[in-house]
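[1] after the sequence you'll find the predicted model.
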Amino acid sequence: MIKVGIVGGTGYTGVELLRLLAQHSEVEVDVITSRSEAGMRVDELYPNLRGHYPGLAYSEPDARRLGNCDAVFFATPHGVAHALAGELLEQGTRVIDLSADFRLQDADEWANWYGQPHGATELLTQAVYGLPEINRDAIRQARLIAVPGCYPTAVQLGFIPLLEQGLLDTKRLIADCKSGVTGAGRGAKVSFLLAEASESMKAYGASGHRHLPEIRQGLDRAAGSDVGLTFVPHLTPMIRGIHATLYGHLTREPEDLQALFEARYRDEPAVDVMPPGSHPETRSVRGTDICRLAVHRPGDGDTVVVLAVIDNLVKGASGQAIQNLNLMFGFDEMLGLGAAALMP
Ligand SMILES: NC(=O)C1=CN([C@@H]2O[C@H](COP(=O)(O)OP(=O)(O)OC[C@H]3O[C@@H](n4cnc5c(N)ncnc54)[C@H](OP(=O)(O)O)[C@@H]3O)[C@@H](O)[C@H]2O)C=CC1
Ligand SMILES: CC(=O)N[C@@H](CCC(=O)OP(=O)(O)O)C(=O)O
């Protein structure tokens, strides 16, 4: 059994960590923090957890208590892990950060997109980007994990098989993505009220979204050169889910795209390549750590379309964070992550 702490335990990803870890046989949640709910029992705030964490209550973040844990998850806004991660790492605690604090290798680029100076540049060299499908060996050795963002997870998993094989015109990639409203967190904002967000759909961040540099960083690596990417996110009236429609142009005729995707992900426990002609639905991954993919060749031109769906709170955040924890501590990679999606 290992002891873990969660900083930011009242937010959507923090509570999703609790829901998933309730099924994990090797983890005990020792510390869970909230500044606004300190003293409150977790099952008073979240009745779905009744019976799973008897007596566990929120406390103020305290580096000493957190430093007694084997690992600490940060499910906090950007900048919080910058301030605390170094101290925890010095105490021998491993850090799994769900925010974007350590995702970009270039601190100046981070500062440009996140509107504040990078608060822990000295830790960047040891931060490992926690996408198991490309970084599994490094994750096993890591002490500090940057869990990928939700859109970046779906877009990278969809494009990687094609880019690794050099099959695409790397300057003309398009990612048209839709997210459910939990992607915006639990904080109250007018644009996410039921009357504002339901029965409607809109694009946002079309001229530049902070996930663009993160996605580009991952795709550059897969392609071995700088890619040109248009990324447009949309807000859709669903609670959970990311749907990514990815467009690329083939530079040569591949032998069999379906076989290529199946071979790339054959041994990947969190990726499901669907049969030819499929259209994966977000509800088919709700509550699961699975990315479902389908590859299409519409028309007779050079266009290839990849469809990717994930649950933003699971494979897009808390589930992927636990996948990383499992790898770091030598557990089965999908321990605690085996449930099938709730459908319908
Ligand atoms: N929602 C999603 O789909 C995804 C989210 N992420 C990322 O994960 C992180 C958490 O997201 P989400 O759960 O949606 O966020 P929420 O806004 O729902 O929750 C944020 C949590 O952080 C705590 N918190 C806020 N400020 C501080 C602070 N200064 N120090 C300590 N704790 C703080 C809050 O509790 P309190 O204020 O009481 O301390 C709360 O528990 C973010 O960085 C987000 O970008 C990543 C992928 C997907
Ligand atoms: C619908 C919505 O607002 N989604 C969020 C992205 C999700 C998220 O939390 O971003 P990180 O993965 O970088 O932490 C947004 O566009 O800012």
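    Nice, I can see it. Ligands and ions are numbered 1, 2, ... in the order given.

[2] and residue 82, what is it in contact with?
    When contacts are counted by Cβ atoms under 8 Å, 6 or more residues apart in numbering, residue 82 touches 101, 118, 119, 120. To be clear about C-beta, it is placed using only N, CA and C from the backbone, and glycine gets the same treatment.

[3] look up the closest residue to the first one, ignoring the ones flanking it.
    Taking Cβ to Cβ, 6 or more residues apart in numbering, and ignoring the residues beside it in sequence, residue 101 has residue 81 as its nearest neighbour in space, at 4.3 Å.

[4] thinking again about what came up before, for the contacts of residue 82, which one is nearest ligand 2?
    Using Cβ to the nearest ligand atom, the shortest approach to ligand 2 within the contacts of residue 82 belongs to residue 101, at 9.6 Å.

[5] quick revisit: looking at this, the residue nearest to residue 101 is in a helix?
    Yes: under DSSP: H, G, I helix; E, B strand; the rest coil, residue 81 sits within a helix.

[6] tell me the contacts of it?
    7, 74, 95, 97, 99, 101, 102, 120 are the contacts of residue 81 under Cβ under 8 Å, 6+ apart.

[7] and it, how close does it get to residue 220?
    Distance of residue 81 to residue 220, computed by Cβ to Cβ, to the nearest Å: 24 Å.

[8] assumed residue 6 was part of a strand.
    Yes: under three-state DSSP, residue 6 sits within a strand.

[9] you'd agree it is up against residue 17?
    Yes: with contact defined as Cβ atoms under 8 Å, residue 6 reaches residue 17; the gap is 5.5 Å.

[10] and these two? Which one has more around it.
    More crowded of residue 6 and residue 17, by other Cβ atoms under 10 Å: residue 6, with 33 against 30.

[11] the more buried one and ligand 2: what is the separation?
    16 Å (Cβ to the nearest ligand atom, to the nearest Å).

[12] pLDDT score for residue 254?
    Note for residue 254: predicted pLDDT of 84.

[13] repeat for residue 142
    At residue 142, pLDDT is 98.

[14] now do the one 10 residues further on
    Here the pLDDT value assigned to residue 152 is 98.

[15] which helix or strand contains it?
    Assigned by DSSP states H and E, residue 152 belongs to helix 150-164.

[16] quick one: that helix near ligand 2?
    Yes: Helix 150-164 is in contact with ligand 2 by Cβ under 6 Å from any ligand atom, via residue 150.

[17] mind listing what's buried along stretch 238-245?
    238, 240, 241, 242, 243, 244 (16 or more other Cβ atoms under 10 Å).

[18] for the fifth one, give its distance to ligand 1.
    Separation of residue 243 from ligand 1 (Cβ to the nearest ligand atom): 14 Å.

[19] what do you get for the first one?
    Relative to ligand 1, residue 238 is positioned 12 Å away (Cβ to the nearest ligand atom).

[20] confidence score at the residue lying closest to that residue once chain neighbours are set aside?
    In this structure, residue 238 finds its nearest non-sequential neighbour in residue 180, 4.2 Å apart by Cβ to Cβ, 6+ apart. In this model, residue 180 is scored at 97, pLDDT.

[21] and residue 180, what is it in contact with?
    236, 238, 239, 240, 241, 242, 282, 312 are the contacts of residue 180 under Cβ under 8 Å, 6+ apart.

[22] residues near the residue lying closest to residue 57 once chain neighbours are set aside, how many?
    Nearest non-adjacent residue to residue 57, counting by Cβ to Cβ, 6+ apart: residue 41, 4.8 Å away. Using other Cβ under 10 Å, residue 41 is surrounded by 16 other residues.

[23] residue 41 touches residue 52, doesn't it?
    No: counting by Cβ under 8 Å, residue 52 is not a contact partner of residue 41; they are 11.6 Å apart.

[24] just the pLDDT at the residue in the chain sticking out farthest from the centre, thanks.
    Distance from the C-alpha centroid of the chain peaks at residue 300, with 34.5 Å (Cα atoms, centre = their mean). For residue 300, the model assigns a pLDDT of 82.

[25] contacting residues for whichever residue of the chain sits closest to ligand 1?
    Nearest residue of the chain to ligand 1 (Cβ to the nearest ligand atom) works out as residue 11 at 1.9 Å. Contacts for residue 11 (Cβ under 8 Å, 6+ apart) come out as 75, 76, 185, 186.

[26] work out for me the element residue 324 sits within.
    helix 319-328.

[27] do the same with residue 234
    Using DSSP H and E, residue 234 maps to strand 229-235.

[28] which elements pack onto that strand?
    Judged by 3 or more Cβ pairs under 8 Å, 6 or more residues apart in numbering; DSSP states H and E, the packing partners of strand 229-235 are helix 150-164, strand 173-179, strand 202-203, helix 211-223.

[29] in that strand, what's buried?
    So strand 229-235, judged by 16+ other Cβ under 10 Å, has buried residues 229, 231, 232, 233, 235.

[30] now for the residue lying closest to the first one once chain neighbours are set aside, how many residues are close by?
    This means residue 229. The shortest distance from residue 229 to any non-neighbouring residue, by Cβ to Cβ, 6+ apart, is to residue 173 (4.6 Å). Neighbour count of residue 173, defined by other Cβ under 10 Å: 24.

[31] ok, now which ones touch residue 173?
    Applying Cβ under 8 Å, 6+ apart to residue 173 gives the contacts 159, 219, 227, 228, 229, 230, 246, 247, 248.
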